[in-house]
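[1] what follows is a protein structure lacking sequence information:
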């Protein structure tokens, strides 16, 4: 017997919505602003009323964030009707689109780590200021 049976269904619904919505955006969205958009995560509440959808662009840039979010808001009805046809649920959750900043932050952290891997200059190696760190 599972410890939290109420938590399994929202996770399963979120996984299914994630798969189907990603396919819809990739193959069926007519708006050119959605060409490089990817769904990174979906969280559904316990009552299956709301689905928070986190999206970003494949290149990780936030330049067109407002345009992408506006296009998704405009296509929300289309996505819900298509999801209703593809997913066996009595009620499709309301879609709430959020921008996912994690890929952008990860790229920035990776760049910082790469800059730490750069060899130090000979000038810094000969530093004899007497401080022992």
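    Received the coordinates, thanks. None of these values were measured; they are calculated from a predicted model. Numbers count the residues shown, from 1 in each chain.
[2] all the strands of this protein, in order from the start?
    37-44, 50-57, 94-99 (DSSP state E).
[3] tell me the strands beside the first one, with direction?
    Paired strands of strand 37-44, with direction, are strand 50-57 (antiparallel) (DSSP bridges).
[4] return the set of buried residues in the strand it pairs with.
    Of the residues in strand 50-57, 51-57 count as buried by neighbour count, 16 or more other Cβ atoms under 10 Å. All C-beta spots, glycine's among them, are computed from the backbone N, C-alpha and C.
[5] of all the strands of the chain, which lies closest to residue 71?
    Evaluated with Cβ to Cβ, the strands of the chain place strand 37-44 nearest to residue 71, the distance being 8.3 Å.
[6] now the angle from the closest one to strand 94-99?
    Angle, strand 37-44 to strand 94-99, by axes from the mean of the first three to the mean of the last three Cα atoms, to 10 degrees: 130 degrees.
[7] just how off-centre is strand 37-44 within its chain?
    Put simply, strand 37-44 sits 5 Å off its chain's centre (Cα atoms, centre = their mean, to the nearest Å).
[8] just stretch 17-29 next, same as before
    13 Å.
[9] let me see the contact set for the most centrally placed residue in the chain.
    Taking Cα atoms, centre = their mean, the centroid of the chain lies closest to residue 40, which sits 2.9 Å from it. For residue 40, the contacting residues are 54-56, 100, 102-103, by Cβ atoms under 8 Å, 6 or more residues apart in numbering.
[10] where do the helices of the chain begin and end?
    Shown for the chain, the helices assigned by DSSP state H span residues 5-27, 65-74, 76-86, 102-116, 122-125.
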